[in-house]
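**Q** dropping a prediction and its sequence here:
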Amino acid sequence: MVGEPQRRGSGPLQDVGPRLVQAGFQLLPAFQISTHYVLERDGFLALVERLPDGAFGNAGAPGVLLDGSFAVLVWKQEQAFFVTKGRQVPATAEQIEALRRFDADLGHALATDH
């Protein structure tokens with residue numbers, strides 16, 4: 001309802017954690033990143049906002065780790081690439097499909113309507 005405060009995010013770790021584990025995600029230690037959680041599954045990563053109360057917030061676009069840097073999927077004309085600073089690698093159809101599954105499963109695990 002307009003004017004009423006709305007809670008962003010999907011809840012505290014004790015509520016969301018079991019759903020993430022069940023979906024095969026793991027929380028990676030990222031001591032230098034205090035504003036986000038880093039979630040990984042099958043080589044794919046996503047940053048998820050860490051709210052002030054420690055709850056999970058919004059998830060960013062997923063990607064992969066490429067030479068120690070986070071690479072996102074970018075389309076150039078009809079070809080997909082994983083792109084990071086100074087480097088791009090063509091993405092295969094299988095990688096694109098796996099990335100889409102990762103993103104959908106993460107969204108489901110973080111959803112507040114459980």
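**A** Received, thanks. What you see is a predicted model, and the numbers here were worked out from it, not measured in a lab. Numbers count the residues shown, from 1 in each chain.

**Q** who's in contact with the top helix by length along the chain?
**A** Criterion DSSP state H: the longest helix present in the chain is helix 93-110. With contacts defined as C-beta atoms under 8 Å, 6 or more residues apart in numbering, helix 93-110 is touched by 10, 16, 19-20, 22-25, 39, 41-42, 44, 46, 48, 56, 59, 61-64, 73, 80, 82, 91. In short, each C-beta sits where N, CA and C put it, glycine included.

**Q** got the contact list for the closest residue to residue 57 other than its chain neighbours?
**A** Residue nearest to residue 57 in three dimensions, not counting chain neighbours: residue 49, with 3.0 Å by C-beta to C-beta, 6 or more residues apart in numbering. If you count contacts by C-beta under 8 Å, 6+ apart, residue 49 has them with 9, 35-37, 56-60.

**Q** just give the closest residue to the spatially most central residue of the chain, not the sequence neighbours.
**A** Against the mean C-alpha coordinate of the chain, by C-alpha atoms, centre = their mean, the closest residue is residue 46 at 2.4 Å. Of all residues not flanking residue 46 in the chain, residue 62 sits nearest, at 4.3 Å (C-beta to C-beta, 6+ apart).

**Q** ok, that neighbour touching residue 43?
**A** No. Assessed by C-beta atoms under 8 Å, residue 62 is found out of contact with residue 43, at 10.7 Å.

**Q** of these two, which one has the most company?
**A** The residue with more neighbours, out of residue 62 and residue 43, is residue 62; 23 against 11, by other C-beta atoms under 10 Å.
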